[in-house]
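Participant: generate a structure from the sequence data that follows.
(2 chains)
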2 protein chains.
Amino acid sequence: MKRSERLVDMTKYLMERPHDLIPLPFFAKRYGAAKSSISEDLAILKHTLANNQDGILETVAGAAGGVRYIPFWGKKHAQNYLNELATRIEDPDRILAGGFVYLSDILGNPEDLDKIGKLIATRYAYSNIDIVMTIETKGIALAQAVARYLNVPFIIARKRSKVTEGATVSVNYISSSLDRVSKMELPTRVLKENSNVLLVDDFMMAGGTLTGMQQLVKEFNSNIAGVCVLCEADFDDVKLIEGHLSLVKIKRVDDKKKVIMAEPGSLVAHTDFDRF
Amino acid sequence: MKRSERLVDMTKYLMERPHDLIPLPFFAKRYGAAKSSISEDLAILKHTLANNQDGILETVAGAAGGVRYIPFWGKKHAQNYLNELATRIEDPDRILAGGFVYLSDILGNPEDLDKIGKLIATRYAYSNIDIVMTIETKGIALAQAVARYLNVPFIIARKRSKVTEGATVSVNYISSSLDRVSKMELPTRVLKENSNVLLVDDFMMAGGTLTGMQQLVKEFNSNIAGVCVLCEADFDDVKLIEGHLSLVKIKRVDDKKKVIMAEPGSLVAHTDFDRF
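Facilitator: As a prediction, this is how the structure comes out:
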């Protein structure tokens, strides 16, 4: 196979397997090429990705070595996208009764989900995440998008247990309205002990739901490696949670005046982009 | 930019935008290259994808022309994966009370979701799908995976309305147990009239839930372009629906004897793979 064909196939192969370590002999065999040729191919791939600030090709030396494609987005890309996203969220048509914000179009748009997933996966690319966790229903799309770029499974806490999940562990938590105790549960078989869990959700008011998820993770003797939400309501003074990151901060929602104000959240400031 | 670098970037660019028509002048400008060079690059990409039976690069001639990457999986890939999937589903640990089958590990695994999404997107690649629709909760991962490869939005019918969705349209349907009438709804703003809708769901018993979704689509004056489920219970004699496709057929679930029997479903036989 020619270099040009190898490069096409290799790019596709690696992109479809983020974070997987692929040994060089695998490619040498796949293409019937010398290891030195494969190394040259990978060097081309590496600097092309780095030039675009869109993905890192990591080389791991030694007998157990190989290459690994890390989805990783440059700071400029991140800032541009979050500015655009915040502006789109400021559309007054998104305002729903009770200060809620309509986000289902974004959470059902594959292009947005890819960008959001890539951005969150960039932040946690080197955090040894074992699994992504969310709660039904709207967080699911987000969890799936992030899990795909980190190439780890994702799991879903449920508000009501279903017969199709088997045995579950449940916890009580204070729901967003802060005046009601609710229940969430997770099937016992989905989470192993000592897992490094990344929590994601679509929208955070006071953070009650996220504290429920934190409790659930503790019940499974696992560890919270990070908490990240798409939108955080910055006008809500009471916060039940600390150390979470957000992609967008919603500063104000005025149902009467039809005004919604948003800006990029804390994610970019807390991401180490100096890998390129 | 050299050809080798162009090929890496072009492969990545096209893979991230399935079904989008990219005009040739766009690439010529992006790389500062002649259109003839870009055409040669695309020819390399095209035959590399075709050789692997993993993706089609379509060329559209004329002034409004360009190229389009269509995720499309060859018959062999499809058959191998579905055989593997059926075997994995036969694991007796998946049997839950009441003849249900545990599938959350598959529905939370990015690699499986990518393959399942690619396979369903192959079947409907030329069906002019405008939007993918499912019902909460487990169908969501499937809808997202398919929508990503078709590069169209996806929407989620809910069993209970939420305050964060605004106005909804609701229908009644006969739920899987066939002895209960349930309600499902869809926000009015998520589906335009005359849309071509692909329905997907994780598991089908008699098909009551799918008939509910069909009714909902009709209420929006839209059209069902296809119905596809991950698993279909083949032991259930009553079928409320016709013309649906499945990836896996579950022939038997015996809770007492701990036996579950599965085989590839109807999808492959109803897919036209002769595009390579």
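Participant: low-confidence ranges, the stretch 151-276 of chain A, go.
Facilitator: Counting by pLDDT under 70, the stretch 151-276 of chain A contains low-confidence ranges at A:161-164, A:176-178.
Participant: ok, which residues in it are in contact with chain B?
Facilitator: With the criterion set to Cβ under 8 Å from any Cβ of the partner chain, the stretch 151-276 of chain A comes near chain B through A:151-156, A:158, A:162-166, A:187, A:189-190, A:203. All C-beta spots, glycine's among them, are computed from the backbone N, C-alpha and C.
Participant: which ones among the residues you listed lie within strands?
Facilitator: Of these, the ones assigned to strands by DSSP state E are A:154-156, A:187, A:203.
Participant: now, the most widely separated pair of those?
Facilitator: Within those, A:187 and A:203 form the most distant pair, 24.2 Å apart (Cβ to Cβ).
Participant: now the residues of the stretch 151-276 of chain A next to chain B: which count as buried?
Facilitator: A:151-156, A:158, A:162, A:164-166, A:187, A:190, A:203 (16 or more other Cβ atoms under 10 Å in any protein chain shown).
Participant: for residue A:172, the count of nearby residues, please.
Facilitator: Using other Cβ atoms under 10 Å in any protein chain shown, the number of residues around residue A:172 comes to 11.
Participant: sheet-wise, list the partners of the stretch of helix or strand it belongs to with their directions.
Facilitator: In this structure, residue A:172 sits in strand A:168-174 according to DSSP states H and E. Paired neighbours of strand A:168-174 in the sheet (DSSP bridges): strand A:181-187 (antiparallel).
Participant: kindly export the partner strand (C-alpha atoms) in PDB.
Facilitator: Coordinates of each C-alpha in strand A:181-187 appear next as PDB, following Å, rounded to 0.1, in the frame of the first residue of the first chain:
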ATOM      1  CA  VAL A 181     -36.400  15.100  48.500                       C
ATOM      2  CA  SER A 182     -36.100  12.800  45.500                       C
ATOM      3  CA  LYS A 183     -34.700   9.400  44.800                       C
ATOM      4  CA  MET A 184     -32.100   8.300  42.200                       C
ATOM      5  CA  GLU A 185     -30.700   4.900  41.500                       C
ATOM      6  CA  LEU A 186     -28.000   3.100  39.700                       C
ATOM      7  CA  PRO A 187     -28.000  -0.600  38.700                       C
END
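Participant: show me what counts as buried in it.
Facilitator: Across strand A:181-187, burial judged by 16+ other Cβ under 10 Å covers A:184-187.
Participant: just how off-centre is stretch A:13-30 within its chain?
Facilitator: 23 Å (Cα atoms, centre = their mean, to the nearest Å).
Participant: can you list contacts of it?
Facilitator: For stretch A:13-30, contacts defined as Cβ atoms under 8 Å, 6 or more residues apart in numbering or on different chains pick out A:6, A:9-10, A:33-35, A:38-39, A:41-42, A:45, A:55, A:57, A:60, A:64-71, A:121, A:125, A:148-152, B:11-12, B:15, B:114.
Participant: buried among the residues you listed? Need that as a selection in PyMOL.
Facilitator: Only the buried entries of the contacts of stretch A:13-30 go into this PyMOL selection, using 16+ other Cβ under 10 Å:
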select buried, (chain A and resi 6+9+10+33+38+41+42+45+55+57+66+67+68+69+70+71+121+125+148+149+150+151+152) or (chain B and resi 11+12+15+114)
